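Peer 1: predicted model, plus sequence, below.
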Amino acid sequence: MTVRRFDVCNGDADGLCAAVQWRLHERAPAALLTGLKREIALVARVQAKAGDEIAVFDLSMRPNRDALQRLLDAGVRVRYFDHHVVEDMPVHALLESHVDTASDVCTSLLVDRLLGGAFRPWALVGIYGDNLAEVADRLALDSNVDAGDCALLRRLGEAINYNAYGDEERDVLIAPRELHAIMLRYHDPRDMLAYEAVVDEINVQRHSDLQQALAVAPFWEDAGASVRVLPDAPWSRRVLGCIANELANAEPQRAHAVLKRQGKGYAVSVRAPLASPAGAHALCSLFGGGGRARAAGIDGLAHEELERFVSAFACARWGLAPGT
């Protein structure tokens, strides 16, 4: 019986770099399912049968749990790598789970650990892209990666991560699935930087979008937090997560929320203070969102909920472990 393989991943830096590491390790061909940053209910799109194998990277199990259970019950073997909060993980003989929700962990790091650092430069790209610069710097130091190369890998990670944001593919410079195909050509991401012009093209667009976002004055702020509301435009759709990370890095003692107008409400990106990186998931879950302790989001905050969200954000208790 022929075994079919599927890689299912988030289209951001962490998801793509995790998938690239795994596929460089396991050279067998695999069909890729990915999408933009907020396209996370992807497991249901997999058309697999008994004996097939699926590897899932950086997709919250919460919206994928039912589809995952159906695949397992149908005889499909699944490896699941993720760092988002999950309350009810299936227990099944065909499920191999690598889930760690600690605030200093991302999916690229989980794959790197399992593979013993075999593709460490790609892991660093994903970790930098997920805004875990201190974690990446420590790992790079252990691997004798010099500061100049760290800067290059961080630049690539931030570009790949930025490219995942948009409401539809025409918002971004290159579809994540196409970017993955380019990444997979290179055993070392530094070669991709040297030979692929698309990275420079993404970064030019990224810096232009950032300048527009930074020119928007805070909607609300105090000493410990700030809220910005961006208009609905192609540049704001692309920059939503990127500007949240930039603000978090620039002001690590403050929490940041960036909202983008959409229809009758908002898309929301939240960052806990880097100095106290917990509480983002707990806050966003109050409004139907979720994510991780340090970074989370809300896909659809109703317009009439804006005042309640700002009030909850202003009163949020950062730095607390889930459930405290």
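Peer 2: Arrived safely. Numbering: from 1, shown residues only.

Peer 1: tell me how far Phe119 lies from Arg155.
Peer 2: 18 Å (CB to CB, to the nearest Å). (C-beta placed from N, C-alpha, C; glycine too.)

Peer 1: can you check Pro29 too?
Peer 2: 30 Å.

Peer 1: give me the more crowded residue out of those two.
Peer 2: More crowded of Pro29 and Arg155, by other CB atoms under 10 Å: Arg155, with 19 against 8.

Peer 1: show me the contacts for that one.
Peer 2: Residues near Arg155 by CB atoms under 8 Å, 6 or more residues apart in numbering: Leu193, Val199, Asn203.

Peer 1: which strands and helices lie in contact with the one helix or strand the second one maps to?
Peer 2: Element membership for Val199, per DSSP states H and E: helix 198-214. Where contact means 3 or more CB pairs under 8 Å, 6 or more residues apart in numbering; DSSP states H and E, helix 198-214 is packed against helix 147-162, helix 234-250.

Peer 1: for that helix, buried residues please.
Peer 2: Across helix 198-214, burial judged by 16 or more other CB atoms under 10 Å covers Val199, Ile202, Asn203, Gln205, Arg206, Asp209, Leu210, Ala213.

Peer 1: same check on stretch 304-315?
Peer 2: Buried residues in stretch 304-315, counted by 16+ other CB under 10 Å: Glu305, Leu306, Phe309, Val310, Phe313.

Peer 1: again, but for stretch 55-69
Peer 2: In terms of neighbour count (16+ other CB under 10 Å), stretch 55-69 has its buried residues at Ala55, Val56, Phe57, Asp58, Leu59, Ser60, Met61, Asn64, Arg65, Ala67, Leu68.

Peer 1: separation between the fourth one and Ala102?
Peer 2: Spelled out, that is Asp58. 15 Å.

Peer 1: burial of the residue lying closest to Ala316 once chain neighbours are set aside, as a residue count?
Peer 2: Computed as CB to CB, 6 or more residues apart in numbering, the closest residue to Ala316 that is not its neighbour in sequence is Leu283, at 5.0 Å. By the criterion of other CB under 10 Å, Leu283 has 25 neighbours.

Peer 1: that concludes my questions; thank you for your assistance.
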